[in-house]
Structures are given as structure tokens and as C-alpha cells.
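# Following is a predicted model, sequence given first.
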Amino acid sequence: MSFLKTIWGVLFRLFPCPTPTGLRKVGDPKRDSPVLVTCNFHVTVNRLRRALEKAHVDAWVVVADSKGVNVWCAAGADEFNTRSVVSAIKTSGVEDLVDHRKIILPPLGAPAIRIDEVRGQTGWSPCWGPVRMGDIPRYLAHGTRRDEEMRRVTYDWRERLDTALGSLFVFYFLGAVGFLLFGRPLLLHYLAVGAATFVLFMLACPWIPGKRGLTKVIFLESLLGCVLIATENSGIAGWSVLRTDLIIAMVMLLLYGSEMGGLTSTLPSDLDPFLARLGIGAVGNVALAGTVRNELLNGYRELTYNRNACNGCRWCYEVCPQGVWEMDQAKRAVLAHRESCTACRACLVQCMTQAIEAPRADNKQRSERPITALS
Amino acid sequence: MFSYVFMKILETRPRSYDRRMDKASRGRVRAIKQAVAAEVSAGMHVLEIGCGTGELAGLLCSRGATVEGFDPSLSMVAMARKRIAAEGVAGRLTVSQMGVEGMDRLPERTYEAVVSTLVFSELTEDERRFALKHALRALRPGGLLVVADECVPRSPGRRFLHALGRAPMVAATYVLSGATTRPIRDLPGELAKAGYEVDKEVRSHGDAFVLLVAHRPAEEVTA
């Protein structure tokens, strides 16, 4: 049953796949064993357990409510947040089972988990773990110290394929049902071309020109469109099959690419800010219009940084999955790579001194600030 | 078929929550709250877990009780505060934004009654255990706990029909609000395990709803 649920969770990741919240034992944890927090997405909990078991790490895992969604998406929608983590820590009974009060949080939850509030409300000392759960054994072996690799999202080919499978399969599946019902002669073409398109697209993604998912797709669509026109004018009869495949590939690309940024963790979302611009307030329980994230992406807000207000706590540097922030010699943050920002809001949420803000672009207060103070 | 899972949709619209909830439930939710309020006497100091827009708290105040309510939703608390101002019960009703995870900060042996409607089915098992433990601690010896919530029917046939009838509402609610509720299998058992003595259990709505009245024993019982 768990295996089938995992398959469902992997292939239909756009839908929640919850597992019960509460405390889990991995291996044979003792009173000094590490305590890790994660979301209640079935696949995540299973993968974390496997990663720890594979490295023979004995640990306590506190599964917090994220409505059955993965850490990154649930934090983005404020479903996996300070309250759910505080509630899980307090109600799981873990405090009776360990002698220490150190708890490791998933850093991709930083857009919604205020580390200072977790500390204040629980009395535990939270810290951010590595981005990839495969790095957890190494992180624990190094005294819970994170190196640069553990802080940043890289999104390598395996992760891209995982996304392709998890987030795009549902569209592929629905397309197959559509062809089965209304275009059976083209079903095999669709299955082959559709699968090849989304696998190749995700594998080649970093090398396709364009800084956003949509621009990458526009580039590819233009390229395929030129090939389509060339074959149309070639007069070669046998190429009609190729033209059909090209059209299928172009439609699939448009579908996949229109929100590739939202599916990946290294590119900004395209679809959400577009829908927000259309005035669509929310899709389901995910707010769109008026959110800081979408307003940043739409240019209605701007990320600002006041170096004088920075207390050097490093949280922005620690939680940014893109490495937007660096620390200077005076131990103050520097907004060094603004162009890499995907508006995840993690730095904004963690900044305790309001050195990092996102005022509305038409805000007088912002325009009165000296530009030199804004990194 | 009985289920209040649709309230998760209405919770996203706090301004019209009471009116829509009353309409959608054909007045049954208000009747449930009145039944809970009827268990509380004038002059009691009451804690309400998950006060929402303050409808039950308002009923309790009108019966002469002093109420402290909390709710994790900021918009619900804001609506409750508007109600306080509108009904002129500022001295007898206070609300705060807090989830059940904050109940460990409640003062000991303070309240004569703790009440809750349609909240426990939204909590995880751990959260329910935690809430019951700290409600017991916050109650004075002999103090009342009055809980009304969705539960799983006891007979297999009714359980099947309940699950069948509830499924479309759960699906629609999940699509529209991303949230759901979890009918509780054995709430009287959970209360007993937490150290309460159950005085009254009233089942209704095809055995899918329960009103429980319990009390903290005069002699301390630990869970």
C-alpha cells in the first residue's frame, strides 16, 4: 500500500499525498539522537527515512502538517509554516524522549517558518539542515555544519527528471486520455513524442537560451515553428508524420513551459504572476493576487536592503536557495546576485531587523530612501 | 448524509461565515452551539477552543458567562472582535489569536468550563491529545468540558454510508479550499484517556455527530 502511495505521490505530485503527522523513529534513536522536522508529504517522509537508514543514522523525525504537500510548495503556499512546526514539536511528545533541545528544520521551508518564532514558542534551538536530504548524514557527521553545497538548490539532471515525472506526468496522462478518446490514431505518436519532449526539455533546460521558463519555451517554439514551415514548404509527402509530431511537441512544450519556473526551484514562476496580473485572486487555497511573491515578480514591489539595519545574523545568507546574498568582511549581508532571485521570500521572512523589505514600487517611503542605502 | 467539511470553504470568507454556515447547515450548526451553550451556567468562567467568529462565545455571554476564546485564524479573530464591539460584551468576552499548540501557556485551574465545536475534527491526533491534556490542566477540579464534533459512526453499515456520502463533499472542499476535516473515531475514549470523566454522550445526525459533556475529576487524574 505504501509503495502504491509512493508511486501516486511521485507521479501526481500536483495533488496532495498526506501521511499521518507525528513522531517517527528511524533506526534505534537514543536520547541524544538528532531530531529532524519534515512535512507530511508521503514521498518526502519515505525518502528521508530511506536516506537516514541508508547511512545508518538513528534519528527522531517530527512530521509536521503541510496538508500532504512537499516542503517547498507547502511553504510557498504558507501551509507548512511556523504554526505547523511549533504544533508538531509541542504535540508530538519528542521533548520527553530526548535530552537536548536542538531541532533541524528543512531550509526550503524558510519562506514560511520563522526560526526566531519557533525558538520563542517552543524553547528549542532550531537550525537549518541541508537542502538535499541525501546530505543529512554528512551534515550530521560535521557537527550540523552546512557547507555552500548544502545551502543552495542546484537542480541537477536527476532532480529535473524527478520534476518532469512528478509535476508534468499528470498533464501527459490527461493528454493520453484525450487522444485515447478523441484521436486514437495519433495516440502512439503522442505517447512517444510527448514523453520525449518533456524528458528532453527538462534535461536540456539549463542550456536552452532564456532566463525564465517562458522565454526558453518561446525560443524552442520559434525553432520548431521554423522547422514546421520548412517542412510545410518542402513538398516532401513523407514529412507529414514529422509535421504532426512537431505540432504535438510544440503544444506539449507550451503546456510544460508555461509554468516551468513554478515547477523548478531555480527559476521564477511565470504562470502565477501572469494570473495575478489578470486579477485572479487565488487558485484553490493558493493566493495569487496581492501576494508579496507575485508582486515582486510583476515588478509591483522591489526587494530592498538597508545595510545599516543589518545585524549580521546571516539568516538571509543561510536560507536563500539561490545564493543571492553574500556576507562581507564586516559580517554584514550583501545583496550580491539580485538577478538570481526567484522571489521565494525566505530572506524577507527571516530578516529580524527589517533590513530586507519589499515595499510597493509606488510607496513614497521607498522613493525617499537614498538609493545608495539599497544595495 | 452528514458532514460539516464544507465549513473549510466558508472559513475563507469570515465576513459571511456565520450566515452561510447557518444557511448551508439549515440552522443545525446554530442549534449545536445552542446545545453546547445550554450546558454552561451563568457566572462561569469559560474557555472556548477555536472561537471562530465568536458566535458560541456570544451565546455564552448572553447566558451570563465570562468567556476567553482563541483561534489560529487572524481574520476569524478580527470578526470576533467586531462582534464584541457590536454586542457590547467587551468586559465579558476576550479573544486572541492562538492555535491549540499555545494551550500549554494557559493558566492552571482557572476555568469552570472549556467548550469547543467543530474544532477537534480539524486537529491531528497528537494535537487533540495535547489540547485535551492542557484543557484538563486549565480546568478547575469539577470543571466541565463540552465538545461537539463530527465522529465516525459506530456500526459498519452507517460508517460505509457516511464515508460514501461524505466523499464528494470532501473532494469539492479540498479542491476549493485545500483543507479538510477528520471525523473522530473515539472521542469519548480520547477524553477518558486524557483523564476526564464523561457524563453525557449525545449522538445525532445518523450517529455521525457527538455532543460530549465531561468533567475534570475532583481528584487529580493524570493521562
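Great, that's in hand.
# and the longest helix anywhere in chain B, how far from the chain's centre?
Longest helix in chain B by number of residues (criterion: DSSP state H): helix B:156-177. From the chain centre to the centre of helix B:156-177 is a distance of 21 Å (C-alpha atoms, centre = their mean, to the nearest Å).
# Output the contacting helices and strands for the helix or strand containing A:L52.
Secondary-structure assignment from DSSP states H and E places A:L52 in helix A:42-54. Judged by 3 or more C-beta pairs under 8 Å, 6 or more residues apart in numbering or on different chains; DSSP states H and E, the packing partners of helix A:42-54 are helix A:2-11, strand A:22-26, strand A:35-38, strand A:59-63, helix A:136-141. Placement of C-beta: from N, CA and C, glycine included.
# So is the third one next to chain B?
Same thing as strand A:35-38. No: Strand A:35-38 is not in contact with chain B by C-beta under 8 Å from any C-beta of the partner chain; minimum separation 13.6 Å.
# Pairing partners for that strand, with directions?
Next to strand A:35-38 in the sheet, as set by DSSP bridges, lie strand A:59-63 (parallel), strand A:102-105 (parallel).
# got those as CSV, with mean neighbour count and mean pLDDT columns?
Putting the strands paired with strand A:35-38 into CSV (neighbours: other C-beta atoms under 10 Å in any protein chain shown; pLDDT from 0 to 100) gives the following:
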stretch, mean neighbour count, mean pLDDT
strand A:59-63, 23, 97
strand A:102-105, 21, 97
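# buried sites along the longest helix of chain B?
Buried residues in helix B:156-177, defined by neighbour count with 16 or more other C-beta atoms under 10 Å in any protein chain shown: B:159, B:161-163, B:166, B:169-170, B:173-174, B:177.
# just those residues now: which is nearest chain A?
B:S177 (5.4 Å; C-beta to the nearest C-beta).
# Looking at that closest one now. What's its pLDDT?
Listed pLDDT for B:S177 reads 66.
# what do you get for A:T144?
92.
# Look at the residue in the stretch 101-250 of chain A positioned nearest to chain B and give its secondary structure.
Taking C-beta to the nearest C-beta as the measure, the stretch 101-250 of chain A has A:Q121 as its residue closest to chain B, at 7.4 Å. Classification of A:Q121 by DSSP: H, G, I helix; E, B strand; the rest coil places it in helix.
# Distance check, it against A:T353.
Distance of A:Q121 to A:T353, computed by C-beta to C-beta, to the nearest Å: 20 Å.
# In terms of neighbours, single out the busier of those two.
Taking other C-beta atoms under 10 Å in any protein chain shown, A:Q121 and A:T353 do not tie; A:Q121 has more neighbours (21 against 12).
# give the contact list for the closest residue to the more buried one other than its chain neighbours.
Counting by C-beta to C-beta, 6 or more residues apart in numbering or on different chains, A:V86 is the residue found nearest to A:Q121 once chain neighbours are left out, at 4.7 Å. A:V86 makes contacts with A:117-118, A:121-122, B:99, B:101, as judged by C-beta atoms under 8 Å, 6 or more residues apart in numbering or on different chains.
# out of the residues you listed, who has the most neighbours?
B:E101 (23 neighbours).
# was I right about that residue contacting B:R128?
No: at 12.0 Å, B:E101 and B:R128 do not qualify as touching, with contact defined as C-beta atoms under 8 Å.
# residues of stretch B:206-221 that come out buried?
B:207-216.
# Centre of the chain to that stretch, how far?
Using C-alpha atoms, centre = their mean, the mean C-alpha position of stretch B:206-221 is found 13 Å from that of the whole chain.
# mean confidence for that stretch?
Across stretch B:206-221, pLDDT averages out at 86.
# Least confident of the helices and strands packed on helix A:42-54, on average?
With a mean of 83, helix A:2-11 has the lowest mean pLDDT of these.
# still on that earlier bit, give the buried residues for the helix holding A:L52.
Neighbour-count burial for helix A:42-54, counted by 16+ other C-beta under 10 Å, picks out A:42-49, A:51-52.
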